[in-house]
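>>> Dropping the sequence and predicted coords here.
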Amino acid sequence: MNILQINSSARVAGSHSTNLANQVSARLQEQHANANFKLRDLAITPQPALDETALQALFTPADKRSPEQAARVALDDALIAEIQAADVLVIGAPMYNFGISSQLKNWIDAISRAGVTFRYTATGPEGLLKGKKVYVVLTRGGLYRNTPNDTQMPYLKAFFAFLGMTDVEFIYAEGLAMGTEGEQRAISEAQSQIEALVA
């Protein structure tokens, strides 16, 4: 089994989403002693945003790309290779201003490539990353689950399904900014979800 963990907090240290994602990965490794583990922390090695250089590079044939364009595509290729090799994905996803972090959005843009991770067919799009298990740790300062303000979960669920990944479990830690008691309760509830879902 190959486990890929993506940390998308802007924080290198002290992140609830990272700490809880670490617990998911640790539990998986306890259950699968021979598992290979790969960590990509997007705060330590940030992926650049999708910009004009990246778009021009992607639409330029490989043998005609400039060195700058080739280097830009190579960054995306590395992320795509990681997710293609993974059997299980563990995503730490904090909520920033009602959405995902820019770090996670840049990763999403990097791995979304027509003809590689998805393709268009006569009957519609088809994801090419089928058969993977995904665990997403959602951390929020407030309480948004099952409300219109929970934009993270529907977006991520739709995105992973678009790439062929439909076996997705969401782990919630909410109320983290609602006092010490609320923070402790949120972490405890998330840990209980991890124990129940990563079994």
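Thanks, I have the structure now.

>>> residue ranges of the helices in this protein, please?
With DSSP state H, the ranges of helices along the chain come out as 16-31, 52-58, 67-85, 102-111, 152-162, 179-197.

>>> what's the closest of those to residue 122?
When the helices of the chain are compared by Cβ to Cβ, helix 152-162 sits nearest residue 122, at 17.3 Å. Where C-beta positions appear, they are placed from N, C-alpha and C, glycine not excepted.

>>> Enumerate every residue touching the residue nearest the centre of the chain.
By Cα atoms, centre = their mean, the chain has its centre lying nearest to residue 91, at 4.2 Å. Listed by Cβ atoms under 8 Å, 6 or more residues apart in numbering, the contact set of residue 91 reads 5, 6, 8, 21, 104, 134, 135, 136, 137, 156.

>>> mind running it again at 10 Å?
Residues in contact with residue 91 (Cβ atoms under 10 Å, 6 or more residues apart in numbering) are 4-8, 17, 21, 24, 100, 104, 107, 134-138, 156, 160, 168, 170-171.

>>> cool, residue 59 as well?
Counting by Cβ under 10 Å, 6+ apart, residue 59 makes contact with residue 69.

>>> Check residue 80 too.
By Cβ under 10 Å, 6+ apart, residue 80 lies in contact with 110, 111, 112, 113, 116, 117, 129.

>>> Filter the contacts of residue 91 down to the buried ones, PyMOL style.
Command for PyMOL that selects the buried part of the contacts of residue 91, burial taken from 16 or more other Cβ atoms under 10 Å:
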select buried, resi 4+5+6+7+8+17+21+24+100+104+107+134+135+136+137+138+156+160+168+170+171
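
>>> just to revisit the earlier point, between the helices of the chain, which one is nearest to residue 125?
For residue 125, the closest of the helices of the chain is helix 152-162, at 6.4 Å, according to Cβ to Cβ.

>>> May I have the closest one exported as PDB, CA atoms only?
Extracted in PDB, the C-alpha atoms of helix 152-162 (Å, rounded to 0.1, in the frame of the first residue of the first chain):
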ATOM      1  CA  GLN A 152     -15.300  22.800   1.400                       C
ATOM      2  CA  MET A 153     -16.900  19.400   1.500                       C
ATOM      3  CA  PRO A 154     -19.100  19.600  -1.600                       C
ATOM      4  CA  TYR A 155     -16.300  21.100  -3.600                       C
ATOM      5  CA  LEU A 156     -13.700  18.500  -2.600                       C
ATOM      6  CA  LYS A 157     -16.200  15.700  -3.000                       C
ATOM      7  CA  ALA A 158     -17.000  16.900  -6.500                       C
ATOM      8  CA  PHE A 159     -13.400  17.400  -7.400                       C
ATOM      9  CA  PHE A 160     -12.200  13.900  -6.300                       C
ATOM     10  CA  ALA A 161     -15.200  12.300  -8.100                       C
ATOM     11  CA  PHE A 162     -14.300  14.200 -11.200                       C
END
